[in-house]
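> Generate coordinates for the sequence data below:
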Amino acid sequence: FALLLVCIYRNQVSAKGTGLCSSPPILCCAGQNNTCIKTDCFCDEYCMNAQDCCSDYIQTCKTAFIRILVRADDETAALNAVNTFILNIETTMKKKWQDCSLQVKKIIKT
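As a prediction, this is how the structure comes out:
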């Protein structure tokens, strides 16, 4: 099994302008960067404070992916290992990042 975990920040962004961070080339910048602009909106971390982010800033720049590969003798053992891992991640997330949700995608490799 391969497992993909996605953490999505649910903060509200006041979108300004029509530019998209995801339009080629994808643009995401750390801190405050006045050159990190798409047409008429920003894709830097500071845009959350200034409320001038592009409408897809959170989806494009604030999503974290974690992949794990579980090897087990059978499917039951693999599912048990995955469930334990997910429970530990969810517990940690709830303590540290309350505005984060967890999505799990199961990918079976043959």
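> Just the mean pLDDT for the longest helix along the chain, thanks.
Using DSSP state H to define each element, the chain has its longest helix at helix 75-96. The average pLDDT for helix 75-96 rounds to 79.
> swap in stretch 19-35?
Mean per-residue pLDDT for stretch 19-35: 89.
> For the protein, which segments count as helices?
47-50, 57-61, 75-96.
> same for the second one, what does it pack against?
Applying 3 or more CB pairs under 8 Å, 6 or more residues apart in numbering; DSSP states H and E, one finds that helix 57-61 contacts strand 2-9. C-beta coordinates here come from the backbone N, C-alpha and C atoms, glycine included.
> which parts of the longest helix of the chain are buried?
Residues of helix 75-96 classed as buried: 78, 81-82, 85, 89, 93 (neighbour count, 16 or more other CB atoms under 10 Å).
> Check stretch 32-51 too.
Those would be 33, 36-38, 41-48, for stretch 32-51 by 16+ other CB under 10 Å.
> Appreciated, that's everything.
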